[in-house]
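> Sequence and predicted structure, then a few things I'm wondering about:
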Amino acid sequence: MLNVEKHYATQMYLPEEGEWSVCSVNGADTSVSRISADTVSSMWRSNCEKERALTVRLMEKVADQSNLVSAYRRVKSNRGSSGVDEMSVVELGRWLPAHINELQQQLLSGSYQPSPVKTVIIPKPNGGQRMLGIPTVIDRLVQQAIHQVLSPRYERVFSPSSFGFRPNRSAHDALEKASGFVESGAYWLVDIDLEKFFDEVNHDRTMWLLSRRIGDKRVLKLIHSFLKAGMMTGGVVSQRIKGTPQGGPLSPLLSNIVLDELDKELELRGHRFVRYADDLRIFVESERSADRVMKSVSDYIETRLKLKVNRTKSRVCKGFETNFLGHSLLGGGKIGLSKESERRFKKAIKETTRRNRGISLEQLITELNRKLRGWLNYFRYASMKSKIVDLTGWIQRKIRCFRLKQCKRASGMFRFFGKLGLTKKKIWYIAGCRKGWWRKSATPPVHEALNNQWFRKIGLYDLLGTFNRYKLEETAVYESTYGGVRGR
């Protein structure tokens, strides 16, 4: 085993207080790493040297017991499935106390070896497939421990226009900044789609970027071993020569480190942009400028970053035509619901309310409410009241159709609608109607019986009412009063 004290006796070590913070003053030296197309800023290079000197003993922080315990808690809260060794998160909780000292020694000595990751293929919403790599729970613990040490340091140098996978930054923050650009007059968007970004990340370039700021070679070696870990598919392990598959805690941070170079280039060129993970939008004021930016930035991504731009999906468009994080960007600083998001939402509701599922109405409402609540919580800031009204009526009709099908025969309809106070004549109209279930659900007697009061009784989530309340909260003004506040 490597003697850690002897290992560092010949290395320069500086005090740990204020690590990395001394290497940037208000972000002035980290916002742009190059002063021209081929000239690296001497200040940036000097600061990188300081950072490497300050981080030669970074593995001690990664392997610290409190950091490992904190990483375990995070892995436990994230849950997730097991990796190739079939160890679950619950079993990890029993494994860690007995093996934490051994794990620390392996990390400090540089002898820790990651296991292959389990390959999982999931369908994409717009077609195609996405490859996930599920590490073992022990590997996820180690990756999370590395993430907790590196993330605060890189947060100080990341671009303020980057929002994905970062603490205290959300998709709503990205949308707010993007809508502000449109409101300022940048109506044209350069929508650049990175083709299979997580599968195309260049390992050599990633390690070069990490080595600019990390001085501990053991940490670099460990991250490199995670990048090179094999992919197990059907019991066969294949070597990985590029990419950082989604599924591990370290993958989001590495993706931001790789794309931070693109952020710095866009800042150097003076562009207004917003990036959420690999979803990039650049805002300009004319179509001609957008075409020029599309060509130059695409060339930079492919030649400099060694990534692929999907030329068929990348495009120049106006804000209302885009689909940025599920939203369109409207005039006046407003955001709307994109057509793609509306289509996907309706598809999910159709799947939930299929009439041949063989479930009870109570179970249907429970599943439906979960989807409606989560969907509206994300799209609550969109200007879409008319769409909400239409969607509410459409969802109610789907439920009416579902409940009608449950009645099956005329006798079932008499029992059900009779309890709701419908006259025999109207019930006979429904039962004797030769239309299909969907057309029956729109008839006046069905609407009379299955009205808004009935939907409240069965516990359906009030999509329109909740949306109106959200909008009221956005525009509410509060006044200080004696003993509290008053809204108006």
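Structure's in. What do you need? Numbering: from 1, shown residues only.
> Number of residues surrounding the residue nearest to Ile134 when sequence neighbours are not counted?
The shortest distance from Ile134 to any non-neighbouring residue, by CB to CB, 6 or more residues apart in numbering, is to Lys118 (4.3 Å). Every C-beta, even on glycine, is put in place using the N, C-alpha and C of the backbone. Residues lying near Lys118 (other CB atoms under 10 Å) number 21.
> Okay, buried residues for stretch 297-316 please.
297-298, 300-301, 305, 307-309, 314, 316 (16 or more other CB atoms under 10 Å).
> Any chance of TSV for those residues, columns pLDDT?
Shown next, in TSV, are the buried residues of stretch 297-316 (pLDDT from 0 to 100):
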residue	pLDDT
Val297	96
Ser298	95
Tyr300	94
Ile301	94
Leu305	89
Leu307	90
Lys308	91
Val309	93
Ser314	93
Val316	96
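> Among those, which one lies nearest to Phe181?
Nearest to Phe181 out of the buried residues of stretch 297-316 is Val316 (CB to CB; 15.1 Å).
> Show me where the stretch 301-450 of the chain has its helices.
339-352, 361-379, 385-407, 410-419, 424-432, 437-440, 444-449 (DSSP state H, counting those that start in this stretch).
> what's the angle from the fifth one to helix 385-407?
On the basis of axes from the mean of the first three to the mean of the last three CA atoms, to 10 degrees, helix 424-432 is oriented at 90 degrees to helix 385-407.
> any idea of the mean pLDDT for helix 424-432?
In this model, helix 424-432 has an average pLDDT of 89.
> next one: the longest one
The average pLDDT within helix 385-407 is 95.
> So what's the gap between it and the chain middle?
30 Å (CA atoms, centre = their mean, to the nearest Å).
> which parts of that helix are buried?
For helix 385-407, by 16+ other CB under 10 Å, it's 387-388, 391-392, 395-404, 407.
> how deep is Phe379 tucked in, by neighbour count?
24.
> Leaving out the residues flanking it, which one is nearest to it?
That would be Leu337: by CB to CB, 6+ apart, it lies 6.0 Å from Phe379.
> which residues are in contact with stretch 364-373?
348-349, 352-353, 357, 395, 399, 402, 458-461, 463 (CB atoms under 8 Å, 6 or more residues apart in numbering).
> mind listing the strands for the chain?
Secondary structure of the chain (DSSP state E): strands located at 117-123, 129-134, 188-193, 231-233, 236-238, 272-276, 279-284, 315-318, 327-329, 335-337, 478-481, 484-487.
> Please tell me how far Lys242 sits from Gly234.
Counting by CB to CB, to the nearest Å, the gap from Lys242 to Gly234 is 21 Å.
> coming back round to it: the residue nearest to Phe379 against Leu330, yeah?
No: assessed by CB atoms under 8 Å, Leu337 is found out of contact with Leu330, at 10.2 Å.
> between those two, which one's more packed in?
Taking other CB under 10 Å, Leu337 and Leu330 do not tie; Leu337 has more neighbours (19 against 16).
> bridging residues for that one?
For Leu337, the beta-bridge partners under DSSP bridges are His327.
> any low-confidence regions in this structure?
1-41, 44, 126-127, 235, 476-488 (pLDDT under 70).
> residues contacting Asn468?
Here Asn468 is in contact with Lys385 (criterion: CB under 8 Å, 6+ apart).
> likewise Leu307?
So, once contact is read as CB under 8 Å, 6+ apart, Leu307 ends up touching 194-195, 197, 200-202, 301.
> hmm, 6 Å instead?
194, 200, 301 (CB atoms under 6 Å, 6 or more residues apart in numbering).
> okay, now the first one: neighbour count?
Translated: Leu194. Neighbour number of Leu194 under other CB under 10 Å is 23.
> where's it relative to Ser298, distance?
On the measure of CB to CB, Leu194 and Ser298 end up 10 Å apart.
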